[in-house]
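Chemist: sequence unknown, structure follows:
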């Protein structure tokens, strides 16, 4: 499980777990994607900041981590997008500027299509770029609205501003952001999944909020264990143990959900209907932001 979550290696014995993850709507946990690159780059940036490196140094560290990770994984669409995006963001930081989300996404799409224009018909390309575009355009608006509502609830619960008030405010905003991002991703990815595979995962959105922290720890722990075990075996063992515990937790959740609420098989959605559904759901998110 750790090997599949970190570098995409599918070892013997993974098939039963992969089936549970698919039936529970958690297949993305076993897929190497931009999530892995983002988590590793963020962890490296935090470590670099703790070590006292300046912005340029942190950018070089992020660039090295992204390049190193891409070198040991399969060149899938989502991984190439995230790796190239991280590289562009790092270069922009080194030049003293900031990268623009949609601009980076468009540039990576052009690169991907220049390598293989036929990739646009694949589920990987459509899920990767469709979901990220929705997260860049739709999710911030929804997150802004619901974060404000969460802050209002915290203010009513704590009349005096204390450390507990600040902790609750930070936690509520994080939950609101995670929930909105998961729901936006689910509403966009579901029509695409139905168009390609005829599957529907009703619990995928809430499960993403619950399982992503464990998936992040498994990714960081697994890659750290592989990277430092040869130099510092004890630390490598501890990192590997953290990754294994998180992977076991994710497998247990997938197995329980797949047994209790299996994903129903549905008729495949016509591509035109899938696009219309995506447009309607994104419009509904934008309208809800103003109406709620």
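Modeler: Received it, and whenever you're ready, just let me know what you need. Since we're looking at a predicted model, the values are computed, not measured.

Chemist: tell me the helices and strands packed up against the helix or strand encompassing residue 16.
Modeler: Per DSSP states H and E: residue 16 is located in helix 15-23. Helices and strands touching helix 15-23, by 3 or more C-beta pairs under 8 Å, 6 or more residues apart in numbering; DSSP states H and E, are helix 27-30, helix 233-260. Backbone N, C-alpha and C define where each C-beta goes, glycine included.

Chemist: between these, which gets the lowest average pLDDT?
Modeler: Ranked on mean pLDDT, the bottom entry among the helices and strands packed on helix 15-23 is helix 27-30, at a mean of 80.

Chemist: quick one: residues in contact with it.
Modeler: Here helix 27-30 makes contact (C-beta atoms under 8 Å, 6 or more residues apart in numbering) with 1, 4-5, 14, 17-18, 21, 35, 208, 211, 215, 250, 254.

Chemist: number of residues surrounding residue 107?
Modeler: If you count neighbours by other C-beta atoms under 10 Å, residue 107 ends up with 16.

Chemist: greatest separation within the contacts of helix 27-30: which pair is it?
Modeler: Spatially, the most separated pair among the contacts of helix 27-30 is 14 and 208, at 20.9 Å (C-beta to C-beta).

Chemist: these two: which is more packed in?
Modeler: residue 208 (22 against 15).

Chemist: what strand or helix carries the nearest residue to the more buried one once chain neighbours are set aside?
Modeler: Leaving aside its chain neighbours, residue 208 sits nearest to residue 182 (4.2 Å; criterion: C-beta to C-beta, 6 or more residues apart in numbering). Element membership for residue 182, per DSSP H and E: helix 163-197.

Chemist: so the helix holding residue 16 versus helix 233-260, what angle?
Modeler: Helix 15-23 and helix 233-260 are oriented at 60 degrees to each other (axes from the mean of the first three to the mean of the last three C-alpha atoms, to 10 degrees).

Chemist: how about low-confidence regions in the stretch 1-150 of the chain?
Modeler: 34, 74-83, 85-101, 124 (pLDDT under 70).
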